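> need a 3D model of the following:
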Amino acid sequence: MLLSQALHLTSILLASASFIGLTLGAGLPEWLAALTGATLIAVLLRNIGVKPVDRLTMQVPVSASGWNLIVLGGFVGFWIDLLWVSGDLLPAGLHFLMILMVIKLFNLRLRRDYLHLYAISLVAMLASGSLTTDLWFIPIFSLYLLAGVWTLLLFQLTKTSEVSGNAWMPASIRHESHEDGYRVSPRLFWIANGLAFGAFLITVIIFFTIPRVNAGIYQKGFGENIRMSGFSDKVNLGAIGSIKRDPSIVMRVELPRSPLHDARSLYIRGVSFDRYDGKVWTNQLSYRRSLIEESPGTFTFRGKRVVSRSQLGEAIQQKILLEPLDTPVLFAAPFIESVTGMFPSLFFDATGAVYLPFPSSSRIEYTVVSRSNVLVPADLGPEPGLYPESVVRQYLQLPFQSDRIKALAGEVTGRQQGPYEKATTIQAYLTRHYRYSLDAPLAEQQQPLEEFLFARKTGYCEHYATAMVIMLRTVGVPARLVTGFMATEWNEYGHYY
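Residues are numbered from 1 along each chain as shown. Predicted coordinates for the structure are as follows:
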């Protein structure tokens, strides 16, 4: 392979690694992810000499001035995205960055074009690294590092080839006379891979030896199977062991405008889950959008709400001091109307959960205004109300039709007709007939819910919540599983939970 062709290939791989990292870390819109992915595949196939793709890309009637107009259109789209769609600089900037990557991939002709692509890829990789703490970033970063070493080496080796005029074009559209071109030799191959491995080794050594704050992947730890009581960003009912009784304080909650402090009614919400596969709860509505910043530091919900205002009660103001947790979730009483704090941006999903851009490595303080939900006539009526199609699709899903659970749910609810009556009846049944315990068998269970309901009859929050949600769905009442904290300790001297 010619050095110039190898440079083109490694440049595409470099851009691909940064694109994958940004897609997984920032959650790009589907259309933008599809456009960028299709462009990367097209230029890659063109580079390796696939004739149909080569002819197709050559027939794109876009001149240099046309590409400039496309860039200008992308810049206008950036402002539209910033002001009316995303409502935040970070996601709008990342979307515009991907548009620039697509444009640049079709215009790799001069050396400065390659430098522009490298700069775009670097910014995308830095952004993906700052937006995630998941372990999938390690292989993505390794691929980026390997492609980066190859790219910089080939870029320097081909520096003297620019005068040839056609050295920067893909192999499939160059002249046929390449006999005198420089090629990638086995020695160069091993030198480049050795440099990449050495750079990765030095990076690992620096990562584990230089002091820094506990954040990101380093904070997660490896091989830890003990879960903290009260919250989890993933509910795996089929592989839950004993919960660690951790006395650590995770947050402090003040209610400045509330004279009453009823610990039994103060629930601090985290995230909710709508999809259950028989063992694991997941959130299929996890796509995040930016909260609107009404004023500096104050973020509010606009447009379509998760719960309409007519179904909400009085406002509850909370002043929360949150300790560093290994989750980007911002906790508050439901349902959040506004959040005020020193945040660069905040995000929310379709379930009403609010997220930081990434987990905080230090204590944060913020103020939340929430409105508790109230019962509506459709809930109290003898007949079930008419639910929207989206609610039926998301919150009546069942992993399987268990005859035993179906029979139990029908027996418990009996003649109860309304959704509220069914819910309170199932809640009372689970409270009376099952025992709460933080000690549960660690062994993997094939049918953990049936094991809890009919065999062991002992469990903790996840077991009770899963049982109630599935039983409600079985009798036609939409329900979802929600995790969070319950405030149970009131400090009389400090006047906070």
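
> and L481, how many neighbours does it have?
Other residues near L481 come to 21 when the count uses other Cβ atoms under 10 Å. Every residue, glycine included, has its C-beta placed from N, CA and C.

> right, and it touches G270 too?
No. If you go by Cβ atoms under 8 Å, L481 and G270 don't touch, sitting 11.0 Å apart.

> what are the phi and psi angles of the residue lying closest to H495 once chain neighbours are set aside?
Counting by Cβ to Cβ, 6 or more residues apart in numbering, E254 is the residue found nearest to H495 once chain neighbours are left out, at 6.7 Å. Torsion angles at E254 (phi, psi; degrees, to the nearest 10) stand at phi -110, psi 150.

> ok, E254 - how many residues close by?
Quick note: E254 (other Cβ under 10 Å) scores 18 neighbours.

> quick one, what contacts it?
Taking Cβ atoms under 8 Å, 6 or more residues apart in numbering as the criterion, E254 is in contact with Q318, K319, I320, H495, Y496, Y497.

> kindly report the same for L117.
So L117 contacts S11, L14, A15, M101, K104, L105, L108 (Cβ under 8 Å, 6+ apart).

> and the residues you listed as CSV, adding distance to A127 and secondary structure?
As requested, the contacts of L117 are exported to CSV (distance: Cβ to Cβ, whole Å; DSSP: H, G, I helix; E, B strand; the rest coil):
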residue, distance to A127, secondary structure
S11, 19, helix
L14, 15, helix
A15, 14, helix
M101, 12, helix
K104, 17, helix
L105, 18, helix
L108, 22, coil
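
> which of those residues tops the neighbour count?
Busiest of the contacts of L117 [other Cβ under 10 Å] is A15, holding 29 neighbours.

> re the thing from before, from the contacts of E254, which land in strands?
Filtering the contacts of E254 for membership in strands, criterion DSSP state E, returns Q318, K319, I320.

> so which of those residues comes closest to A119?
Closest approach to A119 among the ones in strands among the contacts of E254 (Cβ to Cβ): I320, at 39.5 Å.

> state the distance from the closest one to R257.
14 Å (Cβ to Cβ, to the nearest Å).

> between those two, which has more neighbouring residues?
Using other Cβ under 10 Å as the criterion, I320 and R257 rank with I320 on top: 22 against 11.

> which strand or helix spans the closest residue to that one other than its chain neighbours?
Take I320 and drop its neighbours on the chain: the residue closest to it by Cβ to Cβ, 6+ apart is V253, 5.4 Å away. Assigned by DSSP states H and E, V253 belongs to strand 251-254.

> next one: stretch 23-39 to chain centre, how far?
Centre-to-centre, stretch 23-39 and its host chain are 14 Å apart (Cα atoms, centre = their mean, to the nearest Å).

> how about stretch 361-370?
Distance, centroid of stretch 361-370 to centroid of chain: 20 Å (Cα atoms, centre = their mean).

> for that stretch, buried residues please.
S361, I364, Y366, T367, V368, V369, S370 (16 or more other Cβ atoms under 10 Å).

> for the closest residue to the fifth one other than its chain neighbours, give its distance to M125.
The shortest distance from V368 to any residue that is not its chain neighbour, by Cβ to Cβ, 6+ apart, is 4.0 Å, and that residue is A332. A332 sits 33 Å away from M125, taking Cβ to Cβ as the criterion.

> looking at this protein, which helix or strand is least sure?
helix 217-220 (a mean of 41; mean pLDDT, DSSP states H and E).

> who does whichever helix or strand comes after that helix touch, helix- and strand-wise?
Per DSSP H and E, the first helix or strand lying C-terminal to helix 217-220 is strand 235-236. Applying 3 or more Cβ pairs under 8 Å, 6 or more residues apart in numbering; DSSP states H and E, we find strand 235-236 packed against strand 280-282.

> okay, now the sheet partners of the strand it packs on, with direction.
In the sheet, strand 280-282 lines up against strand 235-236 (antiparallel), strand 275-276 (antiparallel) (DSSP bridges).

> where in the protein is pLDDT low?
53-61, 87, 133, 160-185, 210-233, 238-246, 258-265, 302-313, 374-386, 440-445 (pLDDT under 70).

> show me it divided up by domain.
Taking automatic domain parsing as the domain assignment, the ranges for the chain are 3-211, 235-266+287-373, 378-485.

> right, and the ones you listed - which one's nearest D274?
domain 378-485 (4.8 Å).

> from the buried residues of stretch 361-370, which is closest to R393?
The closest of the buried residues of stretch 361-370, once distances to R393 are taken by Cβ to Cβ, is S370, at 26.8 Å.

> before we move on, what SS does that closest one have?
strand (DSSP: H, G, I helix; E, B strand; the rest coil).

> how about it: what's its closest non-neighbour residue?
S370 sits nearest to A333 (Cβ to Cβ, 6+ apart), 4.4 Å away.

> thank you kindly, that will do.
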